[in-house]
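Trainee: I'll drop the sequence and a predicted model, then ask my questions.
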Amino acid sequence: MIETKEASVETLAGIANQLRIHSINATTAAGSGHPTSSMSAADIVAALFFGHMKYYPNDPKNYNNDRFILSKGHAAPVLYAAWAENGLIPVNELVRLRELTSDLEGHPTPRLPFVDVSTGSLGQGLSVGVGMALSARLDNLDFRTYVLLGDGECAEGSVWEAAGLAGIYSLKNLVAIVDVNRLGQSQATAYGHDLKAYENKFKAFGWRTEVIDGHDMEEILEVLAAVGLGEQPLAIIAKTYKGAGVSFLQDKDGWHGKALSKDEAARAIAELQPKATSGIGVHVEPPSNLPAPNTAAPASYPPINYSMGQMVATREAFGNALARIGEADQRVVSLDGDTKNSTFSERFLKKFPARFVECFIAEQNMVGVGVGLGTRGKVPFASTFATFFTRAHDQVRMAGHSQANIKLVGSHVGVSIGEDGGSQMGLEDIAMFRAVIGSTVLYPSDAVCAEKLVDHMVKTRGVMFLRTSRPKTPVIYKNDEEFPVGGAKIVRQSASDKITVVGAGVTLFEALKAADALAGEGINITVIDAYSIKPLGKDVIKAAAAKTNNLILTVEDHYPEGGLGDTVAGELAPDGVRVHKLAVFDLPRSGKPEELLAKYNIDSAAIVRKVKSLV
Ligand SMILES: Cc1ncc(C[n+]2csc(CCOP(=O)(O)OP(=O)(O)O)c2C)c(N)n1
């Protein structure tokens, strides 16, 4: 039985030094890493983990636990040290930092049970924290979310997108702590130790602020004790020193991301050891015992009801789907970036206003907030024009790295949006989303398919992208048609087909028109709807192509690089299938949708010409 120690100011200051020692030992053993970035934050981390936060050290996933996000993920050693000193991981594991067979990676990942999201791409943690704080509010839970940021990191615009939204929604259960150690990676930060510069910014975004000495344990505990006062989120601006606690490291440039040699480590530890205390056995306050939120998926969702030939844009079908499933599935949360009347997420807002998060025009933050909501058992759907997700690619990439549960829905794809012009057209989105690890990329052509794919997205964990179109298209599937992910639909086929044409979205209908025109000239073609791009319905397409002399033409409203054609070619060319592509090869401009489909050679006439040249 370990004796329980009271977390006095002296004990906590001692634990901070113990965390510093672990950070030095681990990075020296690894031969790389960020000891000095860990050391500046050690007092704050010790205060949070051993003197303030309420959580079960042996049950890090408990839904009532306070959450901690290390936004400056390179300070991973100090986070690992805290979870060793609180007893979750064996202290002797710490020196396995960065080894292939250890989950103590260079930057934190959710391979570790106490890490909710991967961090290390700076500027993203506060957005995730906003999502967690929102989920606590939705579920009537009283856990708080603490985000530790670097001062250099605060140059990222996404930090201020997140700060803005937290202020707008008065997230008093969110605390940002900025470790202002003056130094970045290659030089001093822009504002050095000008704490006012950070305070002014947070204040401007509607936060309550506290400026403290980040190495004065008494002061740290004092401001933490006042967390939750008022209605605003709290920003603690802490003046610290990189390498704090060791004379030859403290406040010295040139030590970022550098492990100490064995000799240097011994000298540093000799300075720290006399003032170090173990955290083992220190009492950590448990959280509340509030009832668990309902995170179970319902057994079924209400049915859909379209008529054959009905004209419905797939973006509208997405809105209908969210509104349809929102009652049965309380996990669903909708986020939008001020495009809800274009993406049709407003249909969800009208029915379930409490579960709609207007993120305003800040797409990086919107994706991060969605990831945060997903970590708490929500099923977030973030929607905007497909093309504007490109500016949040790093957040999407990190969502993939975090194995997050987030659904992204991009409308207004391709030249078929028409008059608004090229800046509004999603023409790179398939390529971008395909490149994300573990992602699913779906592209419905009609309303039935769109709704069924949304059902799938709700039920299945992962980073998933739904590509929706602006123009209305006819319903071509019955309401009971199923659309398994990794499938494809043969929409037209005869025994005498000369080529397999693969389309999706508006180009499927151009392919069908082309099939009619070509049939009039005695040329029959197979037409396939590739509604599942990643994973691709390879087997269906391959089997169809085998019947058309292994000849395929893909047609897509997307640039050629990384789109549908590249996907089909990548999967089938190695099997001896010849794949030709029609795609948007030139810089697009404004015009009527049908004019643009013709100009960029992805309309039915272009398909007819191309097929004739190939068969
Ligand atoms: C988006 C992004 N850009 C650049 C880097 C490389 N990088 C890692 S740490 C760092 C300096 C961070 O400075 P600061 O936030 O002040 O943290 P600290 O000084 O505490 O290490 C940089 C530039 C990164 N990890 N992420």
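Mentor: Received the coordinates, thanks.

Trainee: From Leu442, how far out is Asp455?
Mentor: From Asp455 over to Leu442 the distance is 11 Å, taken as CB to CB, to the nearest Å. In short, each C-beta sits where N, CA and C put it, glycine included.

Trainee: Which one's more surrounded, those two?
Mentor: For Asp455 and Leu442, the more surrounded residue by other CB atoms under 10 Å is Leu442, and the numbers stand at 26 against 18.

Trainee: Tell me if I'm right that the more buried one and Pro535 touch.
Mentor: No. Taking contacts as CB atoms under 8 Å, Leu442 lies outside contact range of Pro535: 10.1 Å.

Trainee: shared neighbours of these two, anything?
Mentor: Jointly contacting Leu442 and Pro535 under the rule CB atoms under 8 Å, 6 or more residues apart in numbering are Val485.

Trainee: Tell me the spacing between the residue nearest the centre of the chain and Gly243.
Mentor: Most central in the chain under CA atoms, centre = their mean is Ala399, positioned 3.2 Å from the mean C-alpha point. The spacing between Ala399 and Gly243, counted by CB to CB, is 33 Å.

Trainee: next one: Ile528
Mentor: 61 Å.

Trainee: same thing with Leu234?
Mentor: 27 Å.

Trainee: ditto for Lys489
Mentor: Noted for Lys489: a distance of 61 Å to Gly243, by CB to CB.

Trainee: Comparing those two, which residue is more hemmed in?
Mentor: Neighbours per residue, other CB under 10 Å: of Lys489 and Gly243, the larger number sits with Gly243, 26 against 19.

Trainee: Verify the contact between that one and Ser38 for me.
Mentor: No. In this structure Gly243 lies outside contact range of Ser38 using CB under 8 Å: 9.4 Å.

Trainee: Number of residues surrounding the closest residue to the ligand within the chain?
Mentor: Residue nearest to the ligand within the chain: Gly150 (2.1 Å; CB to the nearest ligand atom). Using other CB under 10 Å, Gly150 has 30 neighbouring residues.

Trainee: Return the backbone torsion pair for it.
Mentor: For Gly150, the backbone dihedrals (degrees, to the nearest 10) come out as phi -90, psi 160.

Trainee: Which positions in this protein make contact with the ligand?
Mentor: 37, 40, 72, 74, 120-123, 150-153, 179, 181, 183-185, 189, 242, 256 (CB under 6 Å from any ligand atom).

Trainee: Just the buried residues of those.
Mentor: Buried by 16 or more other CB atoms under 10 Å: 37, 40, 72, 74, 120-123, 150-153, 179, 181, 183-184, 189, 242, 256, out of the residues of the chain next to the ligand.

Trainee: you'd agree Ser613 is in a helix?
Mentor: Yes. Assessed with DSSP: H, G, I helix; E, B strand; the rest coil, Ser613 lies in a helix.

Trainee: do you know how far it is from Leu553?
Mentor: 10 Å.

Trainee: ok, now Val379?
Mentor: Going from Val379 to Leu553 by CB to CB gives 37 Å.

Trainee: Please name the nearest non-neighbouring residue to Gly192.
Mentor: Spatial nearest neighbour of Gly192, chain neighbours left out: Arg182 (5.1 Å); criterion: CB to CB, 6 or more residues apart in numbering.

Trainee: neighbours around the one you found, how many?
Mentor: Arg182 has 19 nearby residues by other CB under 10 Å.

Trainee: ok, it touching Thr189?
Mentor: Yes. Using CB under 8 Å, Arg182 makes contact with Thr189 at a distance of 6.4 Å.

Trainee: Between those two, which contacts overlap?
Mentor: The contact lists of Arg182 and Thr189 share Asp151, where a contact means CB under 8 Å, 6+ apart.

Trainee: what secondary structure does the closest residue to Val454 other than its chain neighbours sit in?
Mentor: Closest residue to Val454 apart from its sequence neighbours, by CB to CB, 6+ apart: Ala321 at 3.7 Å. Three-state call for Ala321 (three-state DSSP): helix.

Trainee: For Ala321, list the residues it contacts.
Mentor: Ile304, Ala450, Glu451, Val454, Asp455.

Trainee: three-state assignment of the last one?
Mentor: Okay, so that is Asp455. helix.

Trainee: in stretch 220-229, what's buried?
Mentor: Buried residues in stretch 220-229, counted by 16+ other CB under 10 Å: Ile220, Leu221, Val223, Leu224, Val227.

Trainee: Sorry, slip of the keys, the one I care about is stretch 279-286.
Mentor: Taking 16+ other CB under 10 Å as the criterion, stretch 279-286 shows Gly279, Val282, Val284 as buried.

Trainee: Quick check: the second one vs Val45, distance?
Mentor: Applying CB to CB, one obtains 13 Å for the distance of Val282 from Val45.

Trainee: Kindly report the same for the first one.
Mentor: As defined by CB to CB, Gly279 lies at a distance of 11 Å from Val45.

Trainee: which residues are common contacts for the two?
Mentor: In contact with both Gly279 and Val45: Ala82, using CB under 8 Å, 6+ apart.

Trainee: Contact partners for the residue lying closest to Val458 once chain neighbours are set aside?
Mentor: Excluding its sequence neighbours, the residue lying closest to Val458 (CB to CB, 6+ apart) is Val379, at 5.5 Å. Applying CB under 8 Å, 6+ apart to Val379 gives the contacts Asp329, Arg331, Val332, Val333, Asn405, Lys407, Val458.

Trainee: So what does Val379 have for phi and psi?
Mentor: Dihedral angles of Val379 (phi, psi; degrees, to the nearest 10) stand at phi -110, psi 90.

Trainee: For it, report the pLDDT, please.
Mentor: Looking at Val379, its pLDDT is 98.

Trainee: what about the nearest residue to Gly422 once chain neighbours are set aside, distance to Ile476?
Mentor: Closest residue in space to Gly422, ignoring its immediate chain neighbours: Pro588 at 4.1 Å, by CB to CB, 6+ apart. In this view, Pro588 and Ile476 are 27 Å apart by CB to CB.

Trainee: for Ala76, same thing?
Mentor: Counting by CB to CB, the gap from Ala76 to Ile476 is 51 Å.

Trainee: Over to Gly438?
Mentor: For Gly438 relative to Ile476 (CB to CB), the value is 31 Å.

Trainee: got it, and Asp179?
Mentor: 57 Å.

Trainee: any idea which of the contacts of Ala321 is closest to Met366?
Mentor: Nearest to Met366, judged by CB to CB, of the contacts of Ala321 is Val454 at 18.3 Å.

Trainee: Could you measure from Leu138 over to Tyr146?
Mentor: Separation of Leu138 from Tyr146 (CB to CB): 19 Å.

Trainee: which of those two has more neighbours?
Mentor: Each of Leu138 and Tyr146 has its neighbours counted (other CB under 10 Å); Tyr146 has more, 25 against 18.
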